[in-house]
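> Could you work out the structure for the sequence below:
(chains A and B)
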Amino acid sequence: MTAAVDDKGLGTGLDVFVQGALGTLAIDVSFAVSSEVPLVMVGPNGAGKTTILMMILGALRPRRGRVALDGTPLFDDRRGIDLPVERRGIAFVPQRYALFPHLDVLGNVAYGVVAPSRAERRQRAREALRDLDAAALAGRRPAQLSGGEMQRVALARALARRPGALLLDEPLAALDVSLRRDVRRFLSERLRVWGIPTVVITHDRDDAEALDGNVIVVESGSITQRGRLGELEAAPDTDFVRLLVSGRAKSSSISDGRPRDP
Amino acid sequence: MPGALTRGPAGLAGSRGGRPLLTAAWALAMGILAGAMLLLVLLPIAGLLFTSSPRELWRGLGDPMVGPAVELTILTTSASLVLVVGCGTPLAWIIARRRGRIWRVVETVVEMPVVLPPAVAGVALLLAFGRRGLLGPALGALGIGVPFTRMAVVLAESFVAAPFYVQAAVAAFRRLDADLILVARTLGASRPRVFFTVAIPISWPALAGGAAMSWARALGEFGATLMFAGNLSGRTQTLPLAIYTALESDLRTAQSLSIVLVAVAVALLVAIRAGARR
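Model prediction:
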């Protein structure tokens, strides 16, 4: 497993090479994410998928490695670079969306917008909501939203800041099955439009298919297979991939015995 | 309907082989004991409220001791509230966010004053800030004498009241979803901004409840204040100490002041309950 990223790293997109440990789990992965094709990260519970996102965001410090966005290093242990979370310009949508319960929808979306005045911040937030067909939700409280609405608001909040990359942790897992198919299509269309390097964690084969991205399979902290979903289906390398492509590795039905991703 | 046969007191007694005498005796014993407990709480409150005429109570409030004591109590409990909230909030934040064993120890130590007898708290404060205490020489060199001053009253009140606030704040901060903090930071917010715009507003009801509990405790502080700050009228004589002093000369004044404190306590309790329901 050699680094897909070299030290020149002048390309566009997100380059990730991280090594480190969380408890007994040793993380050692490298991959690159372009702005055209989303990266779909699959793997059993506790394999380290969320941990890898935390390292990209700067919430966890890898022991070694390099994280770069459009050629600019955000983390590089050899050069002593370690930008704090708030200066990395990487947006994150957690599994349960984490909308701020004390702010209305517009307040949530405007939270991260950088603009000279409050009026302009709110204007930009309104535009972001409109982009996600969620303009009508502006005055509501997060507690009054459905799962699908919460997800749109969370995405609007992440995008309103015009991030350099977008990390989505199981964006579809918290949704009803009935909603899931529509949201899946919506999300995959929008990801193409936005053109932001995006990493999406999922457990679900159908999610991976709809997102139509490059797939990496993470098991016990390492990448065990990579390629398009079709390639994985044609030649699965591990038991997990076989389960995944057969559609039986749905949310939390498979686990490698570790606790859930922290 | 099998349920009707087995449920209800009569059915239950019957199903257990029919010992109605035991059932009655049990009910009687429980009733007497519960009633005794209730009386123990209600009788003193009734005594406080119903043994004087309103006119007598009003006259009691005219005692020259009352004004300075009320003023001092408001001043010192406000100061201790500011101290407890101002320093206790950061402490609670750190305790809630750190996982190390040392912070569990710190958490326990902060709760100590809750179980400490007030007299022991008074001795402890003297041994920390008194002339021969830990900080005595340093404070003496600066020309500061803490015991038997208003400062001592504030310190005694803060010492006993702080745990109530810190405990509530730690619990509130622990309930905060870690993702909220992380997302706020990915949105460009620095640590201080996250603290003031996410952590504090979301925890606000619990923090306010803790502050009210802590203020109520400071308001009633007696033992530690008496030992560490003394009972000097107009200087360190707070309402509880004034009640104690009045008791020696005029029971009515003590009663009037007590009713004032009870009224404040009840108002606080109602406010806390209302805040918690929100």
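
> Spit out the contact partners of the residue nearest to A:Ala115 when sequence neighbours are not counted.
Counting by C-beta to C-beta, 6 or more residues apart in numbering or on different chains, the nearest residue to A:Ala115 once its immediate chain neighbours are dropped is A:Arg121, at 4.5 Å. The way it works is simple: take the backbone N, C-alpha and C, and place the C-beta from them, glycine included. A:Arg121 makes contact with A:Ala110, A:Val113, A:Val114, A:Ala115, according to C-beta atoms under 8 Å, 6 or more residues apart in numbering or on different chains.

> Would you check how far apart the closest residue to A:Arg88 other than its chain neighbours and chain B are?
Take A:Arg88 and drop its neighbours on the chain: the residue closest to it by C-beta to C-beta, 6+ apart is A:Leu74, 4.9 Å away. For A:Leu74, the distance to chain B (C-beta to the nearest C-beta, to the nearest Å) stands at 12 Å.

> Tell me the secondary structure of A:Leu74, please.
Here A:Leu74 is strand, with the state taken from DSSP: H, G, I helix; E, B strand; the rest coil.

> same thing with A:Val218?
At A:Val218 the chain is in strand, as set by three-state DSSP.

> For chain A, which segments count as strands?
Counting by DSSP state E, the segments of chain A that form strands are A:14-22, A:25-33, A:39-42, A:64-69, A:72-76, A:81-82, A:90-93, A:165-169, A:198-201, A:214-219, A:222-228.

> Mind listing the strands the first one pairs with, and their directions?
Using DSSP bridges, strand A:14-22 pairs in its sheet with strand A:25-33 (antiparallel), strand A:64-69 (antiparallel).

> Considering only chain A, name the residue that lies closest to chain B.
Residue nearest to chain B within chain A (C-beta to the nearest C-beta): A:Gly112, separated by 2.9 Å.

> remind me which residues of the chain are low pLDDT?
Here I'm looking at chain A. Residues of chain A that meet the criterion pLDDT under 70 lie in A:1-11, A:248-262.

> not quite, I wanted chain B
Using pLDDT under 70, the flagged stretches of chain B are B:1-18, B:275-278.

> and the stretch 1-150 of chain A, which residues reach chain B?
Residues of the stretch 1-150 of chain A lying close to chain B (C-beta under 8 Å from any C-beta of the partner chain) are A:57, A:59, A:84-88, A:90-94, A:96, A:98, A:100-102, A:111-112, A:114.

> Turn the buried ones among those into a named ChimeraX selection, would you?
Per 16 or more other C-beta atoms under 10 Å in any protein chain shown, the buried members of those correspond to this ChimeraX selection:
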select /A:57,59,85,86,88,90,91,92,93,94,96,98,100,102,111,112
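
> Show me which residues of stretch B:147-161 are buried.
Within stretch B:147-161, the residues that count as buried by 16+ other C-beta under 10 Å are B:147-161.

> what's the farthest-apart pair in those residues?
Between any two of those, the greatest separation by C-beta to C-beta is 20.0 Å, found for B:Phe148 and B:Ala161.

> need the helices for the stretch 101-250 of chain B, in chain order.
Using DSSP state H, counting those that start in this stretch, the helices of the stretch 101-250 of chain B run over residues B:101-115, B:118-129, B:136-141, B:150-175, B:178-186, B:191-194, B:200-219, B:223-228, B:239-249.

> now those in a markdown table, with distance to B:Met30?
As requested, the helices of the stretch 101-250 of chain B are exported to a markdown table (distance: least, C-beta to C-beta, whole Å):
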| stretch | distance to B:Met30 |
| --- | --- |
| helix B:101-115 | 30 |
| helix B:118-129 | 34 |
| helix B:136-141 | 55 |
| helix B:150-175 | 33 |
| helix B:178-186 | 47 |
| helix B:191-194 | 53 |
| helix B:200-219 | 32 |
| helix B:223-228 | 36 |
| helix B:239-249 | 36 |
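
> now for the ones you listed, which one comes closest to A:Arg66?
A:Arg66 sits nearest to helix B:178-186 of all those, at 19.6 Å, using C-beta to C-beta.

> wait, the residue nearest to A:Arg88 sits on A:Val85?
No - the criterion here is C-beta atoms under 8 Å, and A:Leu74 misses it with A:Val85 at 9.9 Å.

> Now for those two: what residues contact both?
A:Gly58.

> Around chain A, which positions in the stretch 101-250 of chain B sit nearby?
So far as C-beta under 8 Å from any C-beta goes, the stretch 101-250 of chain B lies against chain A at B:177, B:179-180, B:182-190, B:197-198, B:201-202, B:204.

> give me that answer again for 6 Å
B:177, B:179-180, B:182-183, B:185-190, B:201-202 (C-beta under 6 Å from any C-beta of the partner chain).

> Put together JSON lines for those, with neighbour count on each row.
Formatted as JSON lines, these follow (neighbours: other C-beta atoms under 10 Å in any protein chain shown):
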{"residue": "B:Asp177", "neighbour count": "14"}
{"residue": "B:Asp179", "neighbour count": "17"}
{"residue": "B:Leu180", "neighbour count": "20"}
{"residue": "B:Leu182", "neighbour count": "20"}
{"residue": "B:Val183", "neighbour count": "29"}
{"residue": "B:Arg185", "neighbour count": "24"}
{"residue": "B:Thr186", "neighbour count": "25"}
{"residue": "B:Leu187", "neighbour count": "27"}
{"residue": "B:Gly188", "neighbour count": "19"}
{"residue": "B:Ala189", "neighbour count": "20"}
{"residue": "B:Ser190", "neighbour count": "14"}
{"residue": "B:Pro201", "neighbour count": "14"}
{"residue": "B:Ile202", "neighbour count": "20"}
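
> Return the member of those nearest to chain A.
Comparing those against chain A with C-beta to the nearest C-beta places B:Leu187 closest, at 2.9 Å.

> How about that closest one, nearest residue that isn't a chain neighbour?
Closest to B:Leu187 by C-beta to C-beta, 6+ apart is A:Gly112, at 2.9 Å.

> The one you found and B:Arg185 touch, don't they?
No - assessed by C-beta atoms under 6 Å, A:Gly112 is found out of contact with B:Arg185, at 9.8 Å.

> Quickly list what's touching both of the two.
By C-beta atoms under 6 Å, 6 or more residues apart in numbering or on different chains, A:Gly112 and B:Arg185 have no common neighbours.

> how many other residues sit next to B:Leu247?
14 (other C-beta atoms under 10 Å in any protein chain shown).

> What separation do you get for it and B:Leu48?
With distances taken as C-beta to C-beta, to the nearest Å, B:Leu247 is found 13 Å from B:Leu48.

> Ok, B:Gly188 next?
Separation of B:Gly188 from B:Leu48 (C-beta to C-beta) stands at 57 Å.

> what do you get for B:Leu232?
Using C-beta to C-beta, we find B:Leu232 at a distance of 27 Å from B:Leu48.

> Next, the contact list for the residue nearest to B:Leu187, please.
Counted by C-beta under 6 Å, 6+ apart, A:Gly112 has contacts A:Arg161, B:Leu187, B:Gly188.

> One more pass at 7 Å, please.
Going by C-beta atoms under 7 Å, 6 or more residues apart in numbering or on different chains, A:Gly112 touches A:Arg157, A:Ala160, A:Arg161, B:Leu187, B:Gly188.

> Same list, those residues, but as TSV with distance to B:Val264 please.
As requested, the contacts of A:Gly112 are arranged in TSV below (distance: C-beta to C-beta, whole Å):
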residue	distance to B:Val264
A:Arg157	44
A:Ala160	48
A:Arg161	48
B:Leu187	43
B:Gly188	45
